[in-house]
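*Asks:* what would the 3D arrangement of this be:
(2 chains)
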Amino acid sequence: MTNPPADRAPELPARRNFLIQAVTFVLSSLLALAPLVAGLAFFADPLLRRRSTMRGATADGYLPVAKVGDLPDDGTPVRFSLQADKVDAWNLFRSQTVGTVYLRKIAGQVLAFNDVCPHLGCKIDYKPAEGAFFCPCHASRFNLDGERQNDIPPRDMDRLEWREEDGVVWVKYVNYQRGKAEKVPV
Amino acid sequence: MIKPLSDWLDSRTGYRQLVHEALYEPIPGGARWRYVWGSTLTFIFAVQLITGVFLWSAYSPSTLTAWESVYFIQYEMAFGWLVRGIHHYAAQAMVVLLGLHFLQVVIDGAYRAPREVNFWLGLILLKIVLGLALTGYLLPWDQKGYYATQVATNIAGVTPLIGPYLQQLAQGGTTYGHLTLTRFFALHAGILPGLLIAFLALHLYVFRRHGITVPAQAQGQPIAPFWPDQVLKDAIACLAVFGTILYFTWTRGAELAGPADPSEAFSSPRPEWYFLFLFRFLKFEWVDRLGLEFGAIYVPGAVFVIIALMPIVGRWKLGHRFNVAFTIGLLAGAGYLTGLAIIEDRHDADLQAAMREAHRDGQRAVQLAREFGIPAQGILSLLKEDPFTQGPRLFARKCASCHRYQGHDGTGRPVLKTELVEHRKVTREEPATAADLGQFGTREWVRKVLVDYHEVFAPLGNARAKQADGTEVAVGERFLNGDMANWSKENRAVLTDPANAESLKALVEFLVQQSGRSDEGPIDAALAAQGLDIFQNGQLAAGSLTSACTDCHTLRLAGQEAEISSNPGAGVPTLTGYGGREWLLRFLEDPGHDDFYGSNNQMPAFAESMTPHERRLLVDWMTGHYFRPEQPAAH
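*Replies:* Below you'll find the predicted structure:
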């Protein structure tokens, strides 16, 4: 091989040079991406693994709320808290309030509402003077059957399934996505 | 389309020149494998930055959440084992590559003018990387990292003048706690990586300014650019390093030992393997006699000064040879000490037992965390209430001075005693003076007590009791030549007669049934019913026993009011619930009760010297009454 000028690369056949460049480029890119891909897959854990947020509910998701006798007969809504073991990542906190609901008793039947506003997730207040539910954040308003009274919330208050066993009301506690017209569980 | 865009970008940023400078660095003589070490180090550092930031997104630095969040990363989160494994092994790869890079630089004389400053920058980078390794080892807050890092901060504490202040600054107080973790985490994830980036930028800048150090035979050879040949060699080297890291991640994984427990001594803590040489150096008695400052600060300090002076010493030909010899000697010495430490540790039964215990605690903590969830008080509160974890430790403390458990003290350690023999200290295994309880209450135990009573209780022959006048007297005879021993000897032949195999099995089954233990597998009820007959009338399939069990022992069947036999005299153990939790708890409280050994008893009562909680943990462990996972934990 003759000595090329000192400031220039030695001449290689063009094809070999291209092949080396391509292999080097691919290999370097893969190496750079490998830890990033592993890290991103790890970061995506909340999407890849669903974990329950509580323990202690029945197999079909019901929690005891209150005695039927504790509900006023005139249909006034009462707010109750739900007790269960709360799961937070690695922790399990025993007997915590995992949520709150409104119960109403009308002619032996029970209406159960999740008290979270379907608009943007604030806690809805019951206003006895107005006989209505009212959200303090953005003024969503619902009647006592949970039907929306203005256009601020995208849907009615979220009804929850319930059942009665030995005089105790059990509720299937579910949270639904906020800001949507349809009820979609979180 | 692309051309105008890139022209626009280049006119605004000048990126082409940057790329050109990065890729077309001139390399006289062309690409060489010996130039790859710096690139592999930069690559591994990038890997650490990336994986570290992602681990940061799930790590929680406090004494109640550090181990817990690392457990969650390692065992519960998607690909957590992968990211943590890469980070763990890449840290070790970085130390190895630093050593190789350093060796390369010294052998090639790359520290000589005009590259002295860059050599010193490299030494600063070395210190930062070692600092990252040290701080990172504590973060999982497991027994190994906790006790190994204690040693490191205590060494910092003996630094002349500023030691105690330095130690308290590092620890965030006089003892380890939340603030130790928050500070180590700030150092590990913020301050040290920031410094590393800054000094790495300087290092690379100065490196590019002077160019690569070319060996003599490449001088005057044609110049080749960095891209693509050297980049390819670098990439292949990085691939090999990364492949090695993945191999260890896949086959071994990053360990998480038992959670740090300040109340639980962890015998013989060890630093990570790359600090073992320093650890071993400090263990020399002559080093120790010269003081901790000497071994841990002055000697490493002097070595570091000699290294830092290499560029100056290396101006002379002889000086360069000295530098090379010193470096190789240093690495050989470190290698020798590391090997020595590893070999010694392998033969150190206590250390091995402590390591096994830390590993076992780690596995157990994961099982408990998965099954029960970790309470707000942290994982330790689960381990403290776990018979499987605490039972062996209680056995070692309270029982192993007389009893053994499968030959050891319950935790896997031999029971040793050091004596002066002819003015020399001799450590030997101490003979047991009471039965080995490793199989207590199992079918095997019951069978042996029936046919080999003398053998099971043979250690009692070593038992001595001090009398009032100070003389010692053997006390095992009353058991080894007692009624049960004699019964066992008389009936051994008939019980082990093959024709009576089924009868013996039945009698054993019946007795094991009394314990109500769940860990001995399901009880064959029909077999046990046959056993009850033998227990009462002594009639075997072929022949009969010299006396039936009921002739001496009291027994009331579970769930029944009336006893099927009643103890004619005190001091014969009742077999009601024999080998079960309640039986063993009562026995432990007062073995000299008439329901047990009465006046024959030689065992201390533990009603006072153990709390009820301790007794329950011990008994639950011995009777197999603790949580068992369906499958052992795996990563």
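*Asks:* CA only for contacts and neighbour counts going forward, please
*Replies:* Fine.
*Asks:* now the helices: where do they sit in the stretch 301-450 of chain B?
*Replies:* Ranges of helices within the stretch 301-450 of chain B are B:310-313, B:317-346, B:349-372, B:379-384, B:387-394, B:443-451, based on DSSP state H, counting those that start in this stretch.
*Asks:* closest to chain A out of those?
*Replies:* Of all the helices of the stretch 301-450 of chain B, helix B:349-372 sits nearest to chain A, with 7.5 Å by Cα to the nearest Cα.
*Asks:* for the closest one, buried residues please.
*Replies:* Judged by neighbour count (16 or more other Cα atoms under 10 Å in any protein chain shown), helix B:349-372 contains these buried residues: B:350-355, B:357-359, B:361-370.
*Asks:* and what of stretch B:393-406?
*Replies:* The neighbour-count check on stretch B:393-406 (16+ other Cα under 10 Å) flags B:393, B:394, B:395, B:396, B:398, B:399, B:400, B:401, B:402, B:403, B:404, B:405 as buried.
*Asks:* contacts for that stretch?
*Replies:* With contact meaning Cα atoms under 8 Å, 6 or more residues apart in numbering or on different chains, stretch B:393-406 is reached by B:409-411, B:415, B:432-439, B:614, B:618.
*Asks:* 7 Å instead, please
*Replies:* By Cα atoms under 7 Å, 6 or more residues apart in numbering or on different chains, the residues outside stretch B:393-406 that reach it are B:409, B:410, B:411, B:432, B:433, B:434, B:435, B:436, B:437, B:438, B:618.
*Asks:* for residue B:465, give me phi and psi.
*Replies:* Note on residue B:465: backbone dihedrals following degrees, to the nearest 10 are phi -120, psi 140.
*Asks:* oops, could you answer that again for residue A:91 instead?
*Replies:* Dihedral pair for residue A:91: phi -90, psi 150, per degrees, to the nearest 10.
*Asks:* tell me which parts of chain A are close to chain B?
*Replies:* A:6-10, A:20-21, A:24, A:27-28, A:31, A:35-36, A:38-39, A:41-43, A:45, A:48-49, A:90-93 (Cα under 7 Å from any Cα of the partner chain).
*Asks:* sorry, back to before: would TSV of the contacts of stretch B:393-406 with neighbour count and pLDDT be doable?
*Replies:* Converted to TSV, the contacts of stretch B:393-406 look like this (neighbours: other Cα atoms under 10 Å in any protein chain shown; pLDDT from 0 to 100):
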residue	neighbour count	pLDDT
B:409	26	92
B:410	23	93
B:411	20	90
B:432	21	93
B:433	20	92
B:434	23	93
B:435	18	94
B:436	22	96
B:437	19	96
B:438	17	94
B:618	30	97
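*Asks:* looking at the residues you listed, which is nearest residue B:53?
*Replies:* Of all the contacts of stretch B:393-406, residue B:411 has the smallest distance to residue B:53: 38.8 Å, by Cα to Cα.
*Asks:* please report how far the closest one lies from chain A.
*Replies:* Remark: distance between residue B:411 and chain A (Cα to the nearest Cα, to the nearest Å) = 28 Å.
*Asks:* my read: that residue touches residue B:390, true?
*Replies:* No - if you go by Cα atoms under 7 Å, residue B:411 and residue B:390 don't touch, sitting 9.7 Å apart.
*Asks:* helix, strand or coil for residue B:276?
*Replies:* Secondary structure assignment for residue B:276 (DSSP: H, G, I helix; E, B strand; the rest coil): helix.
*Asks:* got the domain boundaries for chain A?
*Replies:* Following automatic domain parsing, one finds the domains of chain A at A:11-50, A:54-172.
*Asks:* deepest of those, which one?
*Replies:* Across the domains of chain A, averaging neighbours per residue (mean count of other Cα atoms under 10 Å in any protein chain shown) puts domain A:54-172 on top, at a mean of 18.
*Asks:* what distance separates the start and the end of that domain?
*Replies:* Criterion Cα to Cα, to the nearest Å; first-to-last residue distance in domain A:54-172 is 13 Å.
*Asks:* centre of the chain versus that domain, how much separation?
*Replies:* Relative to its chain's centre, domain A:54-172 lies at 17 Å (Cα atoms, centre = their mean, to the nearest Å).
*Asks:* over to stretch B:363-374?
*Replies:* For stretch B:363-374, the distance to the chain centre is 17 Å (Cα atoms, centre = their mean).
*Asks:* next one: stretch B:327-338
*Replies:* 26 Å.
*Asks:* what of stretch B:451-464?
*Replies:* 35 Å.
*Asks:* that stretch: end-to-end distance?
*Replies:* Stretch B:451-464 has its terminal residues 26 Å apart, counting by Cα to Cα.
*Asks:* who touches it?
*Replies:* With Cα under 7 Å, 6+ apart as the test, stretch B:451-464 has contacts from B:432-435, B:448-449, B:472-477, B:480, B:485, B:488, B:492, B:495.
*Asks:* filter those down to the buried ones and express that as a PyMOL selection.
*Replies:* Per 16+ other Cα under 10 Å, the buried members of the contacts of stretch B:451-464 correspond to this PyMOL selection:
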select buried, chain B and resi 432+433+434+435+448+449+475+476+480+485+488+492+495
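*Asks:* nearest to chain A among the contacts of stretch B:393-406?
*Replies:* Checking the contacts of stretch B:393-406 against chain A with Cα to the nearest Cα, the nearest one is residue B:618 at 26.4 Å.
*Asks:* so how far is residue B:224 from that closest one?
*Replies:* 73 Å.
*Asks:* cool, residue B:160 as well?
*Replies:* Counting by Cα to Cα, the gap from residue B:160 to residue B:224 is 52 Å.
*Asks:* looking at the two, which one has more neighbours?
*Replies:* Set residue B:160 next to residue B:224 and count neighbours by other Cα atoms under 10 Å in any protein chain shown: residue B:224 wins out with 23 against 10.
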